[in-house]
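*Asks:* Attaching a predicted model along with its sequence, questions to come.
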Protein chains: 2
Amino acid sequence: MKRINVVGMGPGAWDKMTIEAAKALEESDTIIGYTVYVDLLRDHLADKEFLTTPMTKEVDRCRMAFEEAEKGKNVSLVCSGDAGVYGMSGLMYQIGEDYPQVELNIIPGVTAALGGAAILGAPLIHDFCLISLSDLLTPIEKIQKRLEAAGEADFVVVLYNPSSRKRADYLQKACDILLRYRDPSTVCGIVENIGREGETKKVLTLRELRDTPVNMFTTVFIGNSQTKEIQNNMVTPRGYRDV
Amino acid sequence: MKRINVVGMGPGAWDKMTIEAAKALEESDTIIGYTVYVDLLRDHLADKEFLTTPMTKEVDRCRMAFEEAEKGKNVSLVCSGDAGVYGMSGLMYQIGEDYPQVELNIIPGVTAALGGAAILGAPLIHDFCLISLSDLLTPIEKIQKRLEAAGEADFVVVLYNPSSRKRADYLQKACDILLRYRDPSTVCGIVENIGREGETKKVLTLRELRDTPVNMFTTVFIGNSQTKEIQNNMVTPRGYRDV
């Protein structure tokens, strides 16, 4: 049986990958990924064949992995963060129906919610949800409904893809929905370039977040009604009978 | 400035830890944790001082870490999964207010949602939420409200702590709430002992899940309305304009 590793490389820095992920890449002949992420690996894996495709060519990238595996190569497909969180592992199973002789080995990694949380403090100690604000593949009404639900049920919320050129005001709209349920002073946090050059963090209120410019490298955290600021860190307590 | 590493060790196997986490443990004098998890590390870190406390003694464990750091030791506090997801990093910041001269270095890891997803296939490719069914620190009404919200807004749901001796029917009750919003044939999955001896997975329907016995080592995944079974894997597509 041929096998493809689908590897979550974590936030970007080599050390933030799991040992298992690093071993899989070191044992590969061919490493396939989006150009920007593959470039972060080259220095550590000088002797490998690297194949890249641009950001929007996910289906091509998956097919490329299966085609290379069929040639008998040991192939790893890499994603930033975790391949299973808004990542490529789903597409790989779907496209894999055309390649029944190839098995998938999914290697999990630290997704931006976890990497960002560690930088901000401890925002995810209680129930939380992840919502992507990208409406490229999801109707905007469904995204809004999820923000409503998250607001109403007092989930900590992590937003992926909070902005892009075409969606400049999406974070503002998301905050407006949450402000219907949550106090404007709710503790929030933003992190940029997690585990990479130019890493920044900021703890701020929901009201301030609403008018803060973000970009596609920002991960946004919105606290629940219990989340506190402790020495410039964002901390959600475990529950009602706490310390 | 003294510093404590708060380390997420991932699912349990050494290789499933990040390189950064392994380095932090290797450079530590003293490693503190819950007995069961610390025992998984001993073979790899023979020369370290290990301090353990039982499961319910989290506050003692945190204070122990600060006391050891104050003695000048290089201390790591370990948690299974990610220390920031229902983990100890929140308590460490809260208790840390009494120890302003000690800095915390949070090292993220692969939480059970990510580790379990990789075993089941690709259930978390779209918006999801994590809910703990433990009502030890959270009123049961709040947990139920979050299940309602997750059901209504079509989130993929990951359940932590789905059962214990005192809460034998909690998973059944959670499924009953979700069954109000989701078809009984909704694709679900359970994983036990992720990354450890005795690892098992099962893909099943929401109706079947309702009557499946689980325990404190089980992580439960409930698909959204789009989640499919592909060759016995649980796969959530990216969105409405898919492959």
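*Replies:* Everything's here; your move. If you're wondering where the values come from, they're calculated on a predicted model, not measured in any experiment. Numbers count the residues shown, from 1 in each chain, chains lettered A, B, ... in the order given.
*Asks:* Could you see whether chain B lies near the lowest-mean-pLDDT helix or strand in chain A?
*Replies:* None of the helices or strands of chain A scores lower by mean pLDDT, DSSP states H and E than helix A:35-41, at a mean of 88. No. For helix A:35-41, no contact with chain B is found by Cβ under 8 Å from any Cβ of the partner chain; the gap never falls below 13.2 Å. C-betas here are computed from N, CA, C, even on glycine.
*Asks:* immediately after that helix, which helix or strand?
*Replies:* Note on helix A:35-41: by DSSP states H and E, the next helix or strand toward the C-terminus is strand A:49-53.
*Asks:* related to what we said a few turns ago, determine how far the least confident helix or strand of chain A lies from the middle of the whole chain.
*Replies:* Centroid separation between helix A:35-41 and its chain, computed with Cα atoms, centre = their mean, to the nearest Å, is 16 Å.
*Asks:* Check stretch A:198-218 too.
*Replies:* Distance, centroid of stretch A:198-218 to centroid of chain: 16 Å (Cα atoms, centre = their mean).
*Asks:* Need the distance between the two termini of that stretch.
*Replies:* Across stretch A:198-218, the terminal residues are separated by 12 Å (Cα to Cα, to the nearest Å).
*Asks:* again with stretch A:54-61
*Replies:* Using Cα to Cα, the end-to-end distance of stretch A:54-61 comes to 9 Å.
*Asks:* May I see the buried residues of that stretch?
*Replies:* Residues A:Glu58, A:Arg61 are the ones in stretch A:54-61 that count as buried (16 or more other Cβ atoms under 10 Å in any protein chain shown).
*Asks:* Can you pull out the low-pLDDT segments for chain A?
*Replies:* Low-confidence segments of chain A (pLDDT under 70): A:240-243.
*Asks:* Do a quick rundown of the helices in it.
*Replies:* Applying DSSP state H to chain A gives helices spanning A:19-26, A:35-41, A:58-70, A:89-96, A:112-120, A:140-152, A:170-179, A:206-210.
*Asks:* which other helices and strands contact the second one?
*Replies:* Counting contacts by 3 or more Cβ pairs under 8 Å, 6 or more residues apart in numbering or on different chains; DSSP states H and E, helix A:35-41 packs against strand A:30-34, strand A:49-53, strand A:75-79.
*Asks:* which stretch among these comes nearest chain B?
*Replies:* Chain B sits nearest to strand A:75-79 of all those, at 11.1 Å, using Cβ to the nearest Cβ.
*Asks:* close to chain B, is the closest one?
*Replies:* No. Strand A:75-79 lies apart from chain B when judged by Cβ under 8 Å from any Cβ; the minimum separation is 11.1 Å.
*Asks:* the domain parsing of chain A - what is it?
*Replies:* Annotated domains of chain A cover A:2-110, A:113-235 [automatic domain parsing].
*Asks:* From the opening residue of the longest one to its closing one, how far?
*Replies:* Terminal residues of domain A:113-235 are spaced 14 Å apart (Cα to Cα).
*Asks:* Is chain B within reach of that domain?
*Replies:* Yes. Against chain B, domain A:113-235 shows contacts by Cβ under 8 Å from any Cβ at A:114-115, A:117-119, A:121-132, A:136-139, A:142-143, A:145-146, A:148-150, A:152-155, A:230-231, A:233, A:235.
*Asks:* Just the CA atoms of stretch A:219-232, as CSV, please.
*Replies:* Extracted in CSV, the C-alpha atoms of stretch A:219-232 (Å, rounded to 0.1, in the frame of the first residue of the first chain):
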residue,chain,number,x,y,z
THR,A,219,-5.8,35.4,14.6
VAL,A,220,-8.5,37.0,16.7
PHE,A,221,-9.7,35.8,20.2
ILE,A,222,-12.9,37.1,21.8
GLY,A,223,-13.3,36.2,25.5
ASN,A,224,-16.4,34.9,27.2
SER,A,225,-18.2,36.7,30.0
GLN,A,226,-15.6,35.4,32.5
THR,A,227,-12.4,36.1,30.6
LYS,A,228,-10.0,38.5,32.5
GLU,A,229,-6.9,40.5,31.8
ILE,A,230,-4.1,39.5,34.1
GLN,A,231,-0.8,41.4,33.7
ASN,A,232,-1.5,42.1,30.0
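*Asks:* buried residues in that stretch?
*Replies:* Neighbour counts using 16+ other Cβ under 10 Å place A:Thr219, A:Val220, A:Phe221, A:Ile222, A:Gly223, A:Asn224, A:Gln226, A:Thr227, A:Lys228, A:Glu229, A:Ile230 of stretch A:219-232 among the buried residues.
*Asks:* Now do the contacts for A:Tyr86.
*Replies:* Residues near A:Tyr86 by Cβ atoms under 8 Å, 6 or more residues apart in numbering or on different chains: A:Ser132, A:Tyr160, A:Asn161, B:Ile125, B:His126, B:Arg238.
*Asks:* In a markdown table, list these along with neighbour count and distance to B:Ser185.
*Replies:* Shown next, in a markdown table, are the contacts of A:Tyr86 (neighbours: other Cβ atoms under 10 Å in any protein chain shown; distance: Cβ to Cβ, whole Å):
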| residue | neighbour count | distance to B:Ser185 |
| --- | --- | --- |
| A:Ser132 | 21 | 26 |
| A:Tyr160 | 21 | 29 |
| A:Asn161 | 20 | 31 |
| B:Ile125 | 29 | 19 |
| B:His126 | 27 | 18 |
| B:Arg238 | 23 | 21 |
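*Asks:* Closest to B:Thr30 out of these?
*Replies:* Proximity of the contacts of A:Tyr86 to B:Thr30 (Cβ to Cβ) peaks at A:Tyr160, which lies at 36.9 Å.
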